[in-house]
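Chemist: let me see the structure of the following:
(2 chains)
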Amino acid sequence: DTEVTQTPKHLVMGMTNKKSLKCEQHMGHRAMYWYKQKAKKPPELMFVYSYEKLSINESVPSRFSPECPNSSLLNLHLHALQPEDSALYLCASSQEAAGGAYEQYFGPGTRLTVT
Amino acid sequence: AQSVTQPDIHITVSEGASLELRCNYSYGATPYLFWYVQSPGQGLQLLLKYFSGDTLVQGIKGFEAEFKRSQSSFNLRKPSVHWSDAAEYFCAVLNSGGSNYKLTFGKGTLLTVNP
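Modeler: Next comes the predicted model:
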């Protein structure tokens, strides 16, 4: 099973709201990722967690706050977002984040609209 | 820094015709290469990967890709395209330098299939 699940599928939020995106994998992977994808563009890496510790933050604004409660779960907490943050948010996982070549498996994404 | 170039932004083929999507990479060490496919509003699905060994790799859905080090290319091929293959295709290289491995994506090629 190479499934990564994400909830919700769609989210509409106002600029003053607080919401969270959730991601789950049960492949025993120790690395998890958040990507942001704008229309007709490739995914852009936001965060990498390795063994439940944040290992990469690609200079993402603090209104995005990641959390890795355990090795299977990854959250992205959203607060005071801007309309330009509207995008498809993708979660991915891989066996490891470093030390070898590992493929990343992606979830279906959450389509976020900020009004 | 590593980079990936997909020279074709949009390709249109007829159903049943053969397909080749081009990908060129720039990377000093042995590259770890991937092809992903993304249907509209969906996540990325891994089609195939190249880490080492046989330069012709087989993937899912009847796709194959050939790694050519002399041309820094990793082109994706399919002998007979089906209407369901219409999607965005991304080539990616895994940056294996440093303490964290990061995927660098090409800008994507949109495939349209005519009946």
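
Chemist: CA atoms for contacts and neighbours, from now on please.
Modeler: Fine.

Chemist: skipping its backbone neighbours, what lies nearest residue B:6 in space?
Modeler: Of all residues not flanking residue B:6 in the chain, residue B:23 sits nearest, at 4.8 Å (C-alpha to C-alpha, 6 or more residues apart in numbering or on different chains).

Chemist: actually residue B:17, sorry about that
Modeler: residue B:80 (5.1 Å).

Chemist: is the one you found in contact with residue B:15, as I believe?
Modeler: Yes. Because the distance of 7.3 Å satisfies C-alpha atoms under 8 Å, residue B:80 is recorded as touching residue B:15.

Chemist: what about the two, which has more around it?
Modeler: Taking other C-alpha atoms under 10 Å in any protein chain shown, residue B:80 and residue B:15 do not tie; residue B:15 has more neighbours (18 against 14).

Chemist: list the contacts of that one.
Modeler: When contacts are counted by C-alpha atoms under 8 Å, 6 or more residues apart in numbering or on different chains, residue B:15 touches B:80-83, B:113-115.

Chemist: in strands, which of those fall?
Modeler: B:113-114 (DSSP state E).

Chemist: which one of the contacts of residue B:15 has the most neighbours?
Modeler: Going by other C-alpha under 10 Å, residue B:81 tops those with 21 neighbours.

Chemist: would you mind measuring from residue B:60 to residue B:77?
Modeler: Going from residue B:60 to residue B:77 by C-alpha to C-alpha, to the nearest Å gives 12 Å.

Chemist: one more: residue B:63?
Modeler: 6 Å.

Chemist: same check, this time on residue B:47
Modeler: Distance of residue B:47 to residue B:77, computed by C-alpha to C-alpha: 11 Å.

Chemist: same deal with residue A:35?
Modeler: Relative to residue B:77, and taking C-alpha to C-alpha, residue A:35 is found at 27 Å.

Chemist: could I get the full set of strands for the chain?
Modeler: You didn't say which chain, so I picked chain A. A:4-7, A:10-13, A:18-25, A:31-37, A:44-50, A:53-57, A:64-70, A:73-79, A:87-94, A:105-106, A:110-114.

Chemist: wait, chain B was what I had in mind.
Modeler: So, for chain B - with DSSP E - the strands run B:3-5, B:10-14, B:19-21, B:24-26, B:32-38, B:44-50, B:56-58, B:64-68, B:73-78, B:87-95, B:102-105, B:109-114.
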